[in-house]
Each structure stands twice: as C-alpha cells, then as structure tokens.
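S.K.: quick one, structure for this:
(2 chains)
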Amino acid sequence: MISKTYSPQEIEEKWYDFWIENRFFSSTPHPDKEPYTIVIPPPNVTGVLHMGHMLNNTIQDILVRKARMEGKEACWVPGTDHASIATEAKVVAMLKERGIQKRDLSRDEFLDYCWEWTHKYGGIILQQLRKLGASCDWDRTRFTMEPDLYDSVIDVFIDLYTKGDIYRGHRMVNWDPQARTTVSDEEVNMKEVNQKLVYLRYDLEDNSGSVTIATTRPETIMADVAICVNPTDERYQHLIGKKALIPLIGRAIPIIADEYVEIEFGTGCLKVTPAHDTNDYELGKKHNLPIIDLLAEDGTLNEKAQILVGEDRFVARKKIIKLLTEAGNLVKVEEYRSNVGHSERTDAVIEPRLSEQWFLKMQRLSEPALEHVMNDTIQLIPPKFKNTYRHWMENVRDWNISRQLWWGHRIPAYYLSDGTCIVAKSKREALRKAQHELQLFALTEEDLRQDEDVLDTWFSSWLWPISVFNGIKDPENKDINYYYPTNDLVTAPEILFFWVARMIIAGYEYKGTYPFKNVYLTGIVRDKQGRKMSKSLGNSPDPIELIEKYGADGVRTGMLFSSPAGNDLPFDEKLVEQGRNFCNKVWNAFRLTQGWEVVETTTPNEASLRAIAWFESRINQTLTEVLDLFTKFRISDALNAVYKLIWDDFCAQYLEMVKPEYGSPIDAATYQSTLQFFDTLMRLTHPFMPFITEEIWQNMGQRAEKETICLAPYPQPGAIDHAILADFDILFELVSAIRNLRNTKGISPKTALPLAIRTDSETRYQTLEALIRKLANVSELTFVQEQPEGMSFLVRSDEFFINLSGEIDVDAERETLRKELEYTEGFLLSVSKKLSNERFVQNAKGDVVEKERQKQADAEAKIVTIKEALARLG
RNA sequence: GGGCUCUUAGCUCAGCUGGUUCAGAGCACCUGCCUUACAAGCAGGGGGUCGGGGGUUCGAAUCCCUCAGGGCCCA
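M.R.: Below you'll find the predicted structure:
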C-alpha cells in the first residue's frame, strides 16, 4: 500500500543518483539540435547555500529542465569563483585560530593555505545545489582559479593593456584599512552616522588675525596644504593670498579661492587635504598643491603627521581634539549627521586614499554594451532595469581592477629596478621583452619584480560565459562555437553593474556579440520585517534544513509562489508549507488512481465521456497559457496556472467526475485517459517539481530501464473546444449553487435531491445531466415550464427548483431574489446608459459595443426570470 | 540634492497597450464536515471608495498633474 502522505526524503536521493548515473544532464555539442545554455552565476567558493541561491537556482533549473524536455541540447554550466576578499578573510581567520599571522607567511605559503581552504570547503555549495535538484552538467564544473580560466584572465589583461585600455595611475581609491586593500565603489556601503563638526582657529602667519574652519576630520590637519574660500565670499576677500598656520605643528599654508567652496557650509572656509578627500584631491590638482599623506595602510598615522604617530585614525581624532582644546585653537563642536562609506566585506570605515592602481578605461568598451541593452538585443527582465542600467553606463567610471591581496590572478606586470614596467605572460617572457625592446641584454630574471597585486574578482567573472567554454584561450573550439551566446542569465539585481554589465562588455569585446539573450533579475529574499536575509543577521532559515523538512519540490514551489521577476520575495515558511501540501495533493491523486480496479469489459459512462472531453480542452487551454507565460519569464504565474490546473481542475473536478462508485471498478478506456492526463500533468510539472514527478511517472506504467521524465517530451497544446469549456463553467456554477443550498439548509451531501430546470437551452443540461447527478448528488432531473413545488434559485438566466419537503423559507427566498433583482436592474441601467450615450456608440470599438448589447439582452432576460419567480412566491 | 520605482482585501501580490456592476488570486479568517485519494484535506462564506486631491475621456485601478508615504541606485 502506498503511504498516505508523500515522503520526499526516501525519493529525492534515489532519483538524483539515477539522473547522475545515467548522465541525463551532461551535454555535448549536437549541431542538429538547438542549444540551450545557462551559465550559473558562480557563487563564492567559500559560500554556503542561502535563500537567494535557492530562488535563483530553482529558476535556472526550471528553465533548463523545460528546454531539455523540449528537445533542446540543454547545458547548465556550474562553478564557483575564488572571491579574493571573502576567501582571504576566511583564511586569515583560520590562520589566526592556529596562531599564525598572514604577514609572517610568504606569498606562496599563504596561497597554500588558500588552496587548502578551497579544497576543504569549495565543493559545499555545489553539493547543496544537488539537494535542490539542480540539473547542472557537473562534468563541466569550473572554478575561476583553475589553470585555463586563470590563463584567460591574464591573456585578457595583456590584450587590453596592449590595446591601451589598461593603465596605471595614482588615484583616489576606496581603501579598506582592515582588509588593507582597495575596494570598488560598488563594495562601499554608505551609512548615515553621527559625527562631530569641529571648528578650528588657524592663526595667520603675519599675526594679522585668524581664520576658522570646520571639519569632521581634525586628525588630518597635519596634511592640510591650503585653506580655500569662495572668491565671491565678501567676508574673506582680505585673506586671499595670505598664509595661515596649521595649529599644533605651525606649518604655513596658503589661503586660496575657488568656487567649489560652499559659502553656507560651516564657516565658508575649507581646509584642503588632497591625500584624504576626493574633492580636495581634485582641488589640489587644479591649484597645483602638494600632497601630504599622513595615513599608513592600516589606518594609523604615519611619521608625516609629526604628532600622534602610530595612533589609529579614530583614536587620533579624539586625542587631537584634546590637544587643540589645550592649545586654544578649538572654537566649538557641533553635532553633524552625514554619510560615511563602509566596506561591504569588513564594515570598516572606508578611507579615501591615494595610491597607485591599475585601471581599465570604460568609455570605449561600454558603448556596445549600452547600445545592445537599450535596443533589446539583450533583454532585461523586468524591463524597468533598463533605466537603471542606462544611468550607470552613461556615467561609467574607469574600473579600478587591482586589489592589494594575494588570492587571485596576479597582475602580469614586471618592474625593473628603475620602475620600468613590462606587461607579459610570464617572467621569462618579460625578460625577453626587456632584452629585445629595451636592449637590456645583461638583465636576468632576478632583476625583475612582479607586481604584488591581484586582479579584482569581477575581472575574472566578467569572462565567465566565455571562459567556461575556454573561448578566450581557444576562440574557435567546438564548445564555444556551439554554446555561445548563451540563452538566459538568472541573477540578482544587486550585481547588475558588478557583473552583468561587465559580462556584456566582455562579450562584445571578445566574441563580438552578446553573452546571453535574456537577463532575468530575481528579487531579493527578505524576512517578514523586510530585512534582507543574511547570515550575519541570522534571520535566514537554513535551506538544507528546509529541504529536509518540506522536501526539495515543496521548497522550490514554495519559493516561487510569490516571486514575480524583480520583485522582492518576503519569505514565509507558510509558502514552503503550501508547496509541500501541493506535493501531497499530487501524491494522493496518484494514490487514488492506483487504487482503482480496472475492467476491460465495460464502456465509459456518459459522465466520464464528457469529463474526458472537457479536461482535454482544459489542459490544452492551460498549456497554451503556461507556454506563453514562459516566453514572458512569468515563472511564478506559470507555476500558479499549473497549480490550479492540478488542484482545482484535475483533482477537485475531473477525478470526482470519473471516480467510480465505492467498490465498483473503472472501465479501461476512462482509466487509460486518466493515466494519459496524469502523464501529461507530470511532464508539465516536472521542471517545477522534478522529484515527485519522476517518482510518479516511473510508477504509473511500465518504463524502460533508463527512461526518465527528464527527457520525456514537454507537453504541447492541442485544440481547445471553447463551447465545452463554457458549458462546464455553467456546470460548476450550478453544482456550487446546489452545494451552497445544502450548506445553508443543513442537508447532508449524502441526501440525493430532485432537480427541476426551467430553461431555453435544454440540450445543454441534457449533455451535462450525468455530471450534475454525480457532482451534486441529484436523484432525478426534469425540465419544467411552470414552477413546481420547492426552493428556486438562478444560475445565469436559468431557473432551478429543488423540492425540499416542508423546509421552504419563503421570506428568505424572496429576499434573495429581491437582492438579485436589484443588482441586475442596476447592472442593466448602467449598460443601457452607456448604450444610449451616442458618444459611446460612436467612439467605442465595434466589438465593445456589441458586448454591451449582449449584456443588455442577458440582463433583460434575467430580470424577466426573477420577476416571474417573485410573482410565483406571491 | 539627482535618477528610478512603488502604494489594490488583515498579509503577499496579479490586473498588458483605458471598455462587463471590475474590482481578482494565494495565504489568513468565519461556518459546516474524520464523505471509502488526501484534515498537509473537503464543501461553503464574508472581506477593498484600487494612498489623498485634481484633470483628460462617453468611460479611469489603468493615462496626465499634484500632494503624502515607502523602497532602490547615485552624489
């Protein structure tokens, strides 16, 4: 006997192993088949599965499974990226536990630990994806640090450098003093914090007075190189050209004028500190001011500060206020709220810092990437992201691609002792270049020093759709030619610029075409309070535990129930519960059919014949709808349509129609049709719920040894008989009305009732008679012209009577009819008003007017029926 | 401060290029049921002036303006 509830645990592993053993998900180029390709957004190699991954990968799996069933050569490439900062942070923490400091290790030693970490934890997230049912081609698993992908990154760097797109320069960058590396603008989170705005008096060098400036960063005054006022500010005209003395250290700096200074802010006098503020840096360049950098890379003050050397910037800030107070330079302190950048990785306050970095020029590269999104060659879903994308691309800044880290692709630049820089694939290559191009024949490899920095992780993942097929190193290989451009990319909107835009750029630069046709941007999974789910907040359920509790299919559908593209998904375990319940529903429908005794000798009864004809059309109608929703990437809506088809139409209606009497067998023809429908439904549902559909599909008939629903054809819609669908809508209304009557009168569903119908279309009800009897438990069905004894009610314009001995509440019935009449008359009035409005008849489209006329006629007929019924009640 | 976006039932959302008295779905809720597939279920039911105001139109949840509030991105 089959279990009463569906038990996913026993089934999921069995089928996943079966799929893998038979390599159903592995793909090779088949020139005669249409390819369908997705590359996974590579998760951090150090990561574990979170709710965002679940949503994201469920959607990818649905798309790829459907394509596979549609006969396409489906290829979903999995993999991970090396995540420089995140991985280093974890490795550093691991070393700390073992009592080892990163700075005590050589680069190679440290990298050994990184690999150790990667090998230990690197596979976890991919293993977890299997639990979800992900149908990736695991043989193609890639990692951004594996040799071919590593080489691709280096080759691209050299290529872009040779083209003149990569340059080295001093720039103000975002410095994370805790991680001791640069981070990109995108990795800086602005947070509003309370600060102190400190007013400081600088005495003039000529003793003619003083000037007061306001600053939030008093610890940087030792790096001041000027004081700037607005040239139109009358208060300070007399000061321009004079010199002021920096408090505590007494260095003289000029007072200059520039429109940049806001007269209203603070005192209208700005201290200019080019090394420690981006705007000041620009101002300094404009006025040819020197640069004094008083911060070390760990955020402490260096010897250039002269005082407080070695103190952390925040400690120094407190201490210097005390010193300034003692020296009598402190005028006042105000509370001030402003935005301060924090590192996404370490949450340290970002320091604008001047340093030598590598940059990629974005202007030329971004042009095709902007154009082809705007003209929909690449489609963003939902399209509202086009605006955001354009805004970013039109204001794109050069990309700082160097990171002061060790774990990553080391920049292939080699320096001679005089600082000359040679970009080459290897030290040997660099040496050869130096010897030939610079005529330095005496040079040895010992004289070359490789750049210490690695490339930004995104500088490897932007090649992902190409490099996973080795399309950089071997541009004409079979795989890249077949699978590229890929079809769909599914990812989170937060990395639209980090990653998506840059992949598009790389696609056009290296393949001359788009990397993917559609970008589906999922929502962000949030908790009930609207907060983003994150590990640090601890507000996220463990996805694996969820799967164990509800089953992978339940979790997949649960996540999808309320997640239209681009909209956030407020997660609620109730959704997953609903998903599990759905599985159970399907399971029990299967149980029902398995319990039937089938006899070959009898033929289908009238109810079954009608039911089969109806469901045939109904299934085709839904199929058409689902396929259309898929083309619009409305996956959640597609699931909902499938859900309703199975639960409402198949289980609640169809199965009840064909279900034999208790203890009676079912005829073979009806049984076969039902199984056929079930088969179609399972194939339709398989992309959403791969495990349970495979289990049922395998058990509902004889299957060949290596047959799988994964490769069974996806259902295609056939003809829809709209007349029968319309008839059944009336049937359902009628059955509902009778059940409602039973409910309000307290009549058991087991009590059969006689039904009389007064109608102009008897044939319609004649064809439905068997079903009316069965679904509403009607004992006899007659057609009448006059009112018989009993209760009456309306469905559309037809009147129905049920003889309930002695239980008629005439007043209540009259009241119901009166309400119905009132409503219908109101309806008729509004329709008639519309039709008597000449401008409506003139302006509205013909079919709209025609519809209104139909409504008018229907309403009039209905009013007549109601009035007659009322008249009979007296 | 600039740009984008959103506001519809108690909750989460759907309602495309205006056209049924148009206001919908799921969950939640209420009533009655252990009916021989399923209580993770069955049958039935209530619930909203579509954020406020103004405008365009024969007709507005849908288009325009404005106000209020939320979110995201950028400075």
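S.K.: for the rest of this, base every contact and every neighbour count on C-alpha atoms.
M.R.: Will do.
S.K.: pLDDT of the helix or strand hosting A:Arg65, averaged?
M.R.: Assigning secondary structure by DSSP states H and E places A:Arg65 in helix A:51-69. Mean per-residue pLDDT for helix A:51-69: 94.
S.K.: can you get me a residue count around the residue of the stretch 201-350 of chain A at minimum distance from RNA strand B?
M.R.: Closest approach between the stretch 201-350 of chain A and RNA strand B, counting by Cα to the nearest atom of the strand: A:Asn339, at 6.1 Å. For A:Asn339, the neighbour count with other Cα atoms under 10 Å is 12.
S.K.: so what does it look like in phi/psi?
M.R.: Dihedral angles of A:Asn339 (phi, psi; degrees, to the nearest 10) stand at phi -90, psi 130.
S.K.: is it bridged to anything, and to what?
M.R.: Beta-bridge partners for A:Asn339, by DSSP bridges, are A:Glu192.
S.K.: surely A:Arg171 is in contact with A:Pro352?
M.R.: No: the criterion here is Cα atoms under 8 Å, and A:Arg171 misses it with A:Pro352 at 9.6 Å.
S.K.: element containing the residue of chain A found nearest RNA strand B?
M.R.: At 2.7 Å from RNA strand B, A:Phe827 is the closest residue in chain A, using Cα to the nearest atom of the strand. According to DSSP H and E, A:Phe827 maps onto helix A:810-836.
S.K.: what helices or strands is that helix leaning on?
M.R.: The contact analysis (3 or more Cα pairs under 8 Å, 6 or more residues apart in numbering; DSSP states H and E) places helix A:810-836 against helix A:846-873.
S.K.: any idea how far the residue nearest to A:Trp407 when sequence neighbours are not counted is from A:Trp462?
M.R.: Sequence neighbours aside, A:Ser84 is the residue nearest to A:Trp407 in space, at 5.4 Å (criterion: Cα to Cα, 6 or more residues apart in numbering). Taking Cα to Cα, to the nearest Å as the measure, A:Ser84 falls 15 Å from A:Trp462.
S.K.: cool, and A:Val778?
M.R.: A:Val778 is 67 Å from A:Trp462, by Cα to Cα.
S.K.: and for A:Ile696, the neighbour number?
M.R.: By other Cα under 10 Å, the residues close to A:Ile696 number 18.
S.K.: next: A:Pro147.
M.R.: As a burial measure, A:Pro147 scores 9 neighbours (other Cα under 10 Å).
S.K.: which pLDDT does the model give it?
M.R.: pLDDT for A:Pro147: 97.
S.K.: close to RNA strand B: what parts of the stretch 401-550 of chain A are there?
M.R.: For the stretch 401-550 of chain A, the residues in contact with RNA strand B (Cα under 7 Å from any atom of the strand) are A:Glu494.
S.K.: any idea where the strands of the stretch 501-650 of chain A begin and end?
M.R.: A:516-521, A:525-526, A:569-570, A:598-599 (DSSP state E, counting those that start in this stretch).
S.K.: re the thing from before, and the residue nearest to A:Trp407, what is it in contact with?
M.R.: A:Leu405, A:Trp406, A:Trp407, A:Gly408, A:Asp456, A:Thr457 (Cα atoms under 8 Å, 6 or more residues apart in numbering).
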